[in-house]
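> Fold the stuff below for me.
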Amino acid sequence: MGIEARELADRLRSAVADPQVLSAIAAVPRERFVPDSERERAYENIALPISCGQTISQPLVVARMLELLALDARDRVLDIGTGSGYHAALLARLAGHVWTIERHAALSEQARTVLASLGVENVSFVVGDGYIGLPERAPFDAINVAAAPGEEIPRALEQQLADGGRLVVPIGGANQHLIRITRRGDRLERKRLEPVRFVPLVREPED
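Model prediction:
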């Protein structure tokens with residue numbers, strides 16, 4: 001583990017209680033997921049720009065989303081918005097298998113290359129519309145959404161939750177909040193949490 005990644009995990013400890021999440025943060029080198037021009041700021045607790053007009057999320061928000069997902073080592077996870085691949089790399093350390101969706105093929109391929117170089121083998125990459133999820137691989141024990149779909153939770157994602165499954169998603173326009181949805185049989189429990197700021201989840205254009 002790199003010293004800087006361990007120091008980042010230590011700085012998040014006051015806000016993140018899950019030791020497994022902190023261990024994952026300490027083990028994944030965030031500098032590998034940012035452009036060369038941003039590497040000096042890779043371990044600051046801020047979002048940073050990546051290519052295709054996207055960002056790598058603030059580490060605190062990433063860690064909180066991981067904590068809210070309450071992952072188990074056997075879980076099947078859907079990750080919406082691959083971006084840099086940092087979130088997927090962390091999910092891969094906490095779960096059994098991760099399917100990560102990105103609409104920008106170039107970002108997906110960059111993330112695939114970085115994760116392969118780090119020896120991560122339990123992530124599958126998909127180029128497509130995250131708004132509709134991945135029904136052919138459902139149900140999922142956890143769904144992580146790293147972009148804001150607007151004011152409404154995508155119904156397709158709720159439908160792809162396994163019984164007991166958790167979905168964490170930023171909801172809202174100018175004012176966004178994390179929402180955690182938990183499936184209990186046919187019932188969905190929704191909880192509104194802290195304010196956040198994510199780039200929009202952009203749908204694929206229809207033919």
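> Any idea what S124 is bridged to?
On the basis of DSSP bridges, S124 is bridged to W99.
> contacting residues around it?
By C-beta atoms under 8 Å, 6 or more residues apart in numbering, S124 lies in contact with 97-100. Glycine gets a C-beta too; all of them are placed from N, C-alpha and C.
> wouldn't V199 be in contact with A148 here?
Yes: counting by C-beta atoms under 8 Å, V199 touches A148, with 7.1 Å between them.
> Between the two, which is the more surrounded one?
A148 (20 against 16; other C-beta atoms under 10 Å).
> what separates that one from F198, distance-wise?
Taking C-beta to C-beta, to the nearest Å as the measure, A148 falls 4 Å from F198.
> anything in contact with each of the two?
Listed as contacting both A148 and F198 by C-beta under 8 Å, 6+ apart are 170, 176.
> Before we move on, what's the pLDDT of A174?
What the model reports as pLDDT for A174 is 87.
> Could you check how far it is from I56?
22 Å.
> again, but for V196
For V196, the distance to I56 equals 14 Å [C-beta to C-beta].
> Looking at these two now, which is surrounded by more residues?
Using other C-beta under 10 Å as the criterion, V196 and I56 rank with I56 on top: 23 against 19.
> Beta-bridge partners for the more buried one, please?
L48.
> where in this structure is pLDDT low?
1, 204-207 (pLDDT under 70).
> Quickly find the element holding the most centrally placed residue in it.
The chain has H87 as the residue nearest its centroid, 4.3 Å off, counting by C-alpha atoms, centre = their mean. Using DSSP states H and E, H87 maps to helix 86-94.
> in this structure, which helix has the most residues?
helix 105-117 (DSSP state H).
> for it, packing partners?
Counting contacts by 3 or more C-beta pairs under 8 Å, 6 or more residues apart in numbering; DSSP states H and E, helix 105-117 packs against helix 86-94, strand 97-102, strand 123-127.
> In this structure the residue nearest to the centre of the chain contacts N144, no?
Yes: at 6.5 Å, H87 and N144 qualify as touching, with contact defined as C-beta under 8 Å.
> list residues touching both of these two?
With C-beta under 8 Å, 6+ apart as the test, H87 and N144 both reach 65, 79.
> And for stretch 192-207, what's in contact with it?
47, 53-55, 57, 61, 64, 68, 80-81, 103, 128-131, 145-150, 170, 175-180.
> secondary structure class for V168?
strand (DSSP: H, G, I helix; E, B strand; the rest coil).
> list the contacts for it?
V168 touches 65, 68-69, 142-145, 178-181, counting by C-beta under 8 Å, 6+ apart.
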